[in-house]
Each structure stands twice: as structure tokens, then as C-alpha cells.
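My questions are about this predicted structure, shown below with the sequence.
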Amino acid sequence: MSKLKKCWILFSTMMVISSTANSGYAILSVVVRNFVGKHHWITEEEMEDYIALVQGAPGSIAINMSMMVGYHVASLLGAAAAVIGCAIPPLVIMLLVTAFYSAIIGNPWIDIFLHGMQAGVIAMLANLVLGLFKNATKEQKIYPLTIMALAMAYSLLTDLSSILLVIGCILIGCITFITKIRKEKSAK
Amino acid sequence: MKTLIQLFFGFARIGAISFGGGHASIPIVQREVVEVQEWLTYEEFGNLLALDELTPGPILINSATFVGSRIAGIPGAIAASLGSIAPACVITMLLIFLLHKYRKLDIINEVLFAVRCMAVGLILVTILRMSGTIFLMNGISFQIDYLLLFMTAAAFIVIYKWQVSPLLVMIICGALEVSVSYLMKMFF
């Protein structure tokens, strides 16, 4: 199959996936089904590596996944095709919604509706945080709780941008990793 | 033109540090958009979250489109969105290179764990902040909107126990709020 044809498939497939999937994780499973299962362009092991990688990168899972898959299939052109295909639907749809929003935001009933919706937003966030919390404290308690407390304190007590906090947590992760490796080595 | 550049780099900053994947990156985006760049108020960001649930696409691109279009129309939306993707492009390519060179990137899992814990702390603070603006009527600290509080608790239970789609719950909350307001206006 020619490179151009592959790029087209990447572009159009990502456009369809991006228009219909609701979360980054949903996109992951459809991408796997499509590019591993249907086209056989990527093996399962390679995909596992990519899935791990994509969660470690900043930004959105959907875009990063498009980039990795696109690059794998058709190098830079493929990456570009996949990313653009992925980015266009939310861009267009959100532009329409925003235009609509600006037109109706003055309406008092719409304000009340959106106000009410926020109750649902808070409930959704609470549910999300509960899931993440349970997951993080499955094995150890002190380490995750310390980081959580640190993040809360940072957010509540300082006005600084999150950059420092994120860099700090990345460093903590690296240090923990190195410590674990050292423990394993000395245990041998 | 200057605004476009500001939007591009502003969102590039956000894109570079929004780790966690999916909803876990919400507090980081919120912090940057509301407090650091002061592009939206907390209430407006809450609306954005609700709209983000309605539309496909990652929160990062949706925020970029929303903020960008409100500040500088379609060019603004595109500039912001491109900016939000740019750092991910660089970092993802770097990670792919590292993956091919070193084969194993277990350190990412450890970093990811730390970042997830950070996300828990940050989302909790986000919930607290949103609650502050939503549950207090007219921002007065002793006038609590008990109805909204009750709705949020009910919404949480519904999402948690019966796995109802958060989007549906949000819409119902909005509709309920409108109905109650309408009824109160009719009878009082």
C-alpha cells in the first residue's frame, strides 16, 4: 500500500474515531481495534509500549496516540495526517458550540441550566477522584497520600502555576524508581 | 496578531504540563486558564467543563478552542489549539526515540503513578473551589443552596452506584434546576 494511501486512511480513520469517542481511553481501544486488529500495521506488543508511553506524555491521549500510530505507519507525514484528522472534529464542533454559547449565554434560563449542570460536573469529578484514589492507595498508603497532600497544599496555599508541582512530581517519580532499582540490585 | 501569539504560547505552556490523561489534567488546565492567564472565571470554566462533556475531543483542545475563539474568533481558536498540541508533539517524538533506543521505559509507570496521585490532590481542590462558587447563593457564605447540594449528592450516588452516564446526569441536573426556578417564580 502506498504511503499516501496509508496517510489518507490514518487521516480519515482518526477523524471518524475523534468524532465519536468520548474519552481518550475510549479512543485507545478503538485505535487498537483498528490499527492492530483490522489493518495489522502494529503488533500488540508495540501497541502496549505505545499505550504506556502515551499516558506518560503531557497533553491529550488522543492526540499523542494519533502521533505515535501515525509515525509508526508512515513516519512524519503519517503522524501529521493522523494528528490533523484527530484534531479537526473537536475543533469544528467546539467552534460551533462556542458560537452557540455566546449567542445564548445572556439568556437567564440558559444560565440557570448551566448552573444546574455544574452539580453534575462536581458529581462527575468526585466520582473520578474516588476511582483514582482507590487505585492509587491499593498497595501502599503513605507514599500516595503524601503526594496527594502535597498537591493539595500547593494548590491551596500558593498562587504559583502548576509547572513547579508537575516537575516536582515527575522528579519524585524518578527518585522512587531509582530507589526501587537500587533496592532490587542490593537484594541480589 | 499579538493576541494570537499570546494564545499560542499560553496554551503551549498548558499543553506542556497537562499530565494525567483525560480528566485528570482538568485541574492543571483550570489553574492555568483561570488563575494564571485569567482568561476565564471559575464559573465560566465550569461551563466549559459541561460543554466539554457534551462534545467529543480532549479537554485540552476544547479549552483551547473555547478560550481562543472567545478572545480572537476562529484564528484565536486555531492558534490556541496548535499551541496546545505543539509541546506534546515534541515530547512524544522524544519519547518514541527513547523507546527505540532503550526498549524499556518502566520509569514512566513510576512517574505516572506520582502524577496520578498529584491529580487526586488537585481534583479535590478543584471540587472544593467549584463547590465554593456553586453552593453559596450570590457568593454569600451563610446562604447555602441546599437544593443544589442535594442534587450534587444525588448525582454522585447515581453515577457511582448505577454507572449512569455523567452527561445524562448533568443534563438532568440542569433541567431540574430550571424546573425548580420556574416553579418558584410561578408560586412566589
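Structure's in. What do you need? Residues are numbered from 1 along each chain as shown, chains lettered A, B, ... in the order given.

Now for residue 68: which residues touch it?
This is for chain A. By CB atoms under 8 Å, 6 or more residues apart in numbering or on different chains, the contact set of residue A:68 is A:50, A:53, A:54, A:79, B:92, B:96. The way it works is simple: take the backbone N, C-alpha and C, and place the C-beta from them, glycine included.

The intended chain is chain B.
Applying CB under 8 Å, 6+ apart to residue B:68 gives the contacts B:7, B:11, B:76, B:77, B:78, B:79, B:80, B:81.

Please go through these and note which also touch chain A.
Contacts with chain A within the contacts of residue B:68, as defined by CB under 8 Å from any CB of the partner chain: B:77, B:78, B:81.

Give me the next element, helix or strand, following the helix or strand that contains the last one.
Applying DSSP states H and E as the criterion places residue B:81 in helix B:59-102. Next in sequence after helix B:59-102, counting helices and strands by DSSP H and E, comes helix B:107-135.

which other helices and strands contact the helix or strand just after that next one?
Next helix or strand after helix B:107-135 toward the C-terminus (DSSP H and E): helix B:146-162. Applying 3 or more CB pairs under 8 Å, 6 or more residues apart in numbering or on different chains; DSSP states H and E, one finds that helix B:146-162 contacts helix A:108-136, helix B:107-135, helix B:166-187.

Return the set of buried residues in stretch A:132-146.
Buried residues in stretch A:132-146, counted by 16 or more other CB atoms under 10 Å in any protein chain shown: A:132, A:133, A:136, A:137, A:143, A:144, A:145.

Which of those residues sits closest to residue A:94?
residue A:132 (25.8 Å; CB to CB).

Just give the closest residue to that closest one, not the sequence neighbours.
residue B:120 (5.0 Å; CB to CB, 6 or more residues apart in numbering or on different chains).

Check what pLDDT the most centrally placed residue in chain B gets.
Central residue of chain B (CA atoms, centre = their mean): residue B:26, 3.8 Å from the mean position. Predicted confidence (pLDDT) for residue B:26: 85.

max-length helix in chain A?
helix A:61-104 (DSSP state H).

Just want the angle from that helix to helix B:59-102.
Using axes from the mean of the first three to the mean of the last three CA atoms, to 10 degrees, the direction of helix A:61-104 lies 170 degrees away from that of helix B:59-102.

what's the distance between helix A:61-104 and the middle of its chain?
13 Å (CA atoms, centre = their mean, to the nearest Å).

which residues does the residue nearest in space to the middle of chain A contact?
In chain A, the C-alpha nearest the mean C-alpha coordinate belongs to residue A:61, at 3.1 Å (CA atoms, centre = their mean). Residue A:61 sits next to A:24, A:25, A:27, A:28, A:54, A:55, B:21, B:22, B:58 when contact means CB under 8 Å, 6+ apart.
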